[in-house]
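A.B. asks: build me a model from this:
(2 chains)
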Amino acid sequence: MLDTAAIRKDFPILNEVVNGHPLVYLDNAATTQKPRQVIQALVHYYEHDNANIHRGIHTLAVRATEAYEGTRRKVAAHIGAASPEEVVFTRNTTEAINLIAHGWGDRFVNEGDEIVLSLMEHHSNIVPWQLLARRRGAALRFADVTPDGYLDLDSMRALIGPRTKLVSVVHMSNVLGVINPVAEIATVARQFGAITVVDGAQSAPHLPVDVAALGCDFFAFSAHKMLGPTGVGVLWGRRDLLAAMDPFLGGGDMISVVKQEGSTWADLPHKFEAGTPNIADVIAFGAAIEYLGAIGMPAIRAHERDLTAYALEQLLAIPGVAVQGPRNPDDRGGAVSFTVDGIHPHDVSEVLDAEGIAIRAGHHCAQLLMRKLGVPATNRASFALYNEPREVDALTSALRDTIRRFGHGQRLAV
Amino acid sequence: MASASLFDELYREVILDHSRNPKNRGRLAAPTRTAEGMNPVCGDEVILDLTFDRECLSCLAFDGQGCAISQASASLMTERLTGVSRGEAREVCLAVRSMLVQGGEPAAILGDLEALHGVAKFPVRVKCAMLAWTLLEGILEPEEYSPGGRSS
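C.D. replies: Purely as a prediction, here's the structure:
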């Protein structure tokens, strides 16, 4: 496991005392905490380099531009992109997916075409496609989820065919934790001339990602789930696809020449970055990528795998607790959803919060999956590189306490 | 150990009892009025059925699923309001809203509903407790009247 004692020193917020207890932060799938290095990069930028980018001649503008473009190079290297020009900054994963739906979808999806998704998708990988399907007269198809929390690959293969224009699938589920065989899906899609979009919001922060090895066409993720600031997302796309797409938003910075009769677009990736972007947060995201890179994604994955294995074992040992998603820690990441027999997730998370333990309760923006699982909501504990086994112990001990307080394991009417 | 005070303020024994053994749970065969609502944050669902016998709420029942607060609040409501007049129900609604939303002290008319007082300190959970009451407010007045006296 990682040297979490050393890592935790970099995260000031982990010293917070919440409701009289030391904070146990297990809501990393929602957003991770930020190391000093990231916070200081923000402060440094505003104190020393603040200027608008891509247009000024003066020294600060050059420094700001260099730092902003530096993050683009770091991101490209981090995910195995062929070139920084394939990396587009957005606000978040949601905006990245909407960019594809508009820039690629409006141009290439036609009436009668099909878009294949899965039942485990986050709303951000469902609703943009529903809107596109409505605009273009296309149809959505949903691959099933197996009872043990895996993507039903047979059902997905059966849905991908000559009508399929686009397949969009989550790399790691934010509810089930399951890691999907994206490379296999992309291979099937390619056989039918369809493109593959991967929602990497949960995988990019926790797994080594190599977009070339995945064989997908687009890969979207968010900075704030990987130690970076909020307000920065990344869309990686294959250069030929990005080049063929229409811009998403029009305005400054995304044009080459503007004339009364029309305009020509800037080169990649600036064609997709209209207006002054989130310069400071992109620059600070660079510090987050460096931080992850210094520890190493394989080491982070190994640490979180072991922690997840321990959490699964400890949770399943509590009578009345059921875990959603794969039991094999090799097949999944550290987003662990569970339900407690007879106690609604909001009551569970309320009691845990009283002990300083932060977990998430709700439908996790995955209502299709909740319906499939037959639960209205789940609890979710999710781990990051700074979490320790003792925090799993705090969770399970508080859960046992909750069950005792709510009625000695009696079944409640919920 | 869970912090005793926070837990006990929110989950008073009366609330835990009603959540374990809800009163008047289910649907009425022929309700006069029905309302259905959801708390999108929590996913709590409540369906409320009422039968009026002239100006008297002769029967109330609720169904749905959700957290202990949302379900206990509905259960407590049906217990408190069964057999009361429309006028009294109106007063109880106002007293609940005053206690939970406006931060008022619990009024005597609330009876056991006073157990919900602690919820007022948990802003996120007020919506859970208010779900059934908001539904009731929508169906308490006769259909041809709105509270403002205008024809609806």
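A.B. asks: of all the residues in stretch B:89-107, which ones are buried?
C.D. replies: Buried residues in stretch B:89-107, counted by 16 or more other CB atoms under 10 Å in any protein chain shown: B:A89, B:R90, B:V92, B:C93, B:L94, B:A95, B:V96, B:S98, B:M99, B:L100, B:P106, B:A107. C-beta here means a position set from N, CA and C on the backbone, and glycine is covered the same way.
A.B. asks: extract the C-alpha trace of the one helix or strand the third one maps to and format it as PDB.
C.D. replies: In this structure, B:V92 is located in helix B:86-100 according to DSSP states H and E. Below are the C-alpha coordinates for helix B:86-100, written out as PDB (Å, rounded to 0.1, in the frame of the first residue of the first chain):
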ATOM      1  CA  ARG B  86     -60.700  20.300   8.100                       C
ATOM      2  CA  GLY B  87     -60.200  23.400  10.200                       C
ATOM      3  CA  GLU B  88     -58.100  21.600  12.800                       C
ATOM      4  CA  ALA B  89     -56.100  19.900  10.000                       C
ATOM      5  CA  ARG B  90     -55.400  23.300   8.500                       C
ATOM      6  CA  GLU B  91     -54.200  24.600  11.900                       C
ATOM      7  CA  VAL B  92     -51.900  21.500  12.400                       C
ATOM      8  CA  CYS B  93     -50.500  22.000   8.900                       C
ATOM      9  CA  LEU B  94     -49.600  25.600   9.700                       C
ATOM     10  CA  ALA B  95     -48.100  24.600  13.100                       C
ATOM     11  CA  VAL B  96     -45.900  21.900  11.400                       C
ATOM     12  CA  ARG B  97     -44.800  24.400   8.700                       C
ATOM     13  CA  SER B  98     -44.000  27.000  11.400                       C
ATOM     14  CA  MET B  99     -42.000  24.500  13.400                       C
ATOM     15  CA  LEU B 100     -40.000  23.000  10.500                       C
END
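A.B. asks: which elements pack onto that helix?
C.D. replies: strand B:56-65, helix B:68-81, helix B:123-139 (3 or more CB pairs under 8 Å, 6 or more residues apart in numbering or on different chains; DSSP states H and E).
A.B. asks: for chain B, which residues are neighbours of chain A?
C.D. replies: Contact residues (CB under 8 Å from any CB of the partner chain) of chain B with chain A: B:1-3, B:6-7, B:10-11, B:16, B:19-22, B:25, B:41-45, B:65-69, B:71, B:122, B:125, B:128.
A.B. asks: mind giving me the ChimeraX command for buried ones among the residues you listed?
C.D. replies: In ChimeraX syntax, the buried subset of the residues of chain B next to chain A is picked out as below (16+ other CB under 10 Å):
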select /B:2,3,6,7,10,11,16,19,20,22,25,42,43,44,45,65,66,67,68,69,71,122,125,128
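A.B. asks: okay, now the unreliable bits of the chain?
C.D. replies: In the absence of a named chain, chain A is used. Applying pLDDT under 70 to chain A flags residues A:408-414.
A.B. asks: other chain: chain B
C.D. replies: Using pLDDT under 70, the flagged stretches of chain B are B:1-4, B:144-152.
A.B. asks: list the buried ones in the helix or strand hosting A:V38?
C.D. replies: Using DSSP H and E, A:V38 sits within helix A:36-44. The neighbour-count check on helix A:36-44 (16+ other CB under 10 Å) flags A:Q37, A:V38, A:I39, A:A41, A:L42, A:H44 as buried.
A.B. asks: now do it: which elements does it pack against?
C.D. replies: Contacts defined by 3+ CB pairs under 8 Å, 6+ apart place helix A:36-44 against helix A:279-295.
A.B. asks: contacts for the helix it packs on, please.
C.D. replies: Helix A:279-295 is contacted from outside by A:2, A:7, A:10, A:34-35, A:37-42, A:45-46, A:49-50, A:52-53, A:64, A:67-68, A:70-72, A:74-75, A:78, A:89, A:205, A:223, A:226-232, A:300, A:385, using CB atoms under 8 Å, 6 or more residues apart in numbering or on different chains.
A.B. asks: show the buried residues in those residues.
C.D. replies: Buried members of the contacts of helix A:279-295, scored by 16+ other CB under 10 Å, are A:2, A:7, A:10, A:34-35, A:37-39, A:41-42, A:45, A:49, A:53, A:64, A:67-68, A:70-72, A:74-75, A:78, A:89, A:205, A:223, A:226-229, A:231-232, A:300, A:385.
A.B. asks: ok, now how distant is A:N50 from A:G231?
C.D. replies: 16 Å (CB to CB, to the nearest Å).
A.B. asks: before we move on, back to that, can you tell me which of the buried residues of helix A:36-44 lies nearest to chain B?
C.D. replies: Sorting the buried residues of helix A:36-44 by how near they are to chain B, with CB to the nearest CB, puts A:I39 at the top with 27.4 Å.
A.B. asks: ok, now which ones touch the closest one?
C.D. replies: Contacts for A:I39 (CB under 8 Å, 6+ apart) come out as A:P12, A:A284.
A.B. asks: run through the residues that contact residue 25.
C.D. replies: This is for chain A. The contact partners of A:Y25, by CB under 8 Å, 6+ apart, come to A:I13, A:L14, A:Q33, A:A358, A:N387.
A.B. asks: the chain in question should be chain B.
C.D. replies: Neighbouring residues of B:R25 by CB under 8 Å, 6+ apart: A:A413, B:A61, B:F62, B:D63, B:S75.
A.B. asks: wait, the last one sits on B:D63?
C.D. replies: No. Contact between B:S75 and B:D63 fails when scored by CB atoms under 8 Å: they sit 11.1 Å apart.
A.B. asks: more crowded one of these two?
C.D. replies: B:S75 (24 against 18; other CB atoms under 10 Å in any protein chain shown).
A.B. asks: and stretch A:356-372, end to end?
C.D. replies: 32 Å (CA to CA, to the nearest Å).
A.B. asks: give the buried residues for that stretch.
C.D. replies: By 16+ other CB under 10 Å, the buried positions in stretch A:356-372 come out as A:356-366, A:368-370, A:372.
A.B. asks: give me the subset of the residues you listed touching chain B.
C.D. replies: A:A361, A:G362, A:H363, A:M370.
A.B. asks: and the residues you listed, which of them are in strands?
C.D. replies: Those of these mapping onto strands are A:A361, A:G362, per DSSP state E.
A.B. asks: so which of the ones next to chain B among the buried residues of stretch A:356-372 comes closest to chain B?
C.D. replies: A:H363 (5.6 Å).
A.B. asks: re earlier: got CSV for the contacts of A:Y25, with distance to A:F272 too?
C.D. replies: Below are these laid out as CSV (distance: CB to CB, whole Å):
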residue, distance to A:F272
A:I13, 33
A:L14, 36
A:Q33, 29
A:A358, 35
A:N387, 35
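A.B. asks: now do the strands in the stretch 301-414 of chain A.
C.D. replies: Counting by DSSP state E, counting those that start in this stretch, the stretch 301-414 of chain A has strands at residues A:321-323, A:335-340, A:357-358, A:360-362, A:378-382.
A.B. asks: which one of those lies closest to B:D49?
C.D. replies: B:D49 lies closest to strand A:360-362 among the strands of the stretch 301-414 of chain A, at 27.3 Å (CB to CB).
A.B. asks: so which bits of the stretch 1-150 of chain A are right by chain B?
C.D. replies: Residues of the stretch 1-150 of chain A lying near chain B (CB under 8 Å from any CB): A:N19, A:G20, A:H21.
A.B. asks: thought the first one was touching A:A358?
C.D. replies: What that stands for is A:N19. No. The pair A:N19 / A:A358 is not scored as a contact, 10.6 Å apart, by CB under 8 Å.
A.B. asks: and B:G83, how many neighbours does it have?
C.D. replies: Number of residues near B:G83 (other CB under 10 Å) recorded here: 12.
A.B. asks: what does the one 5 residues further on give?
C.D. replies: Applying other CB under 10 Å, we find 16 other residues in the vicinity of B:E88.
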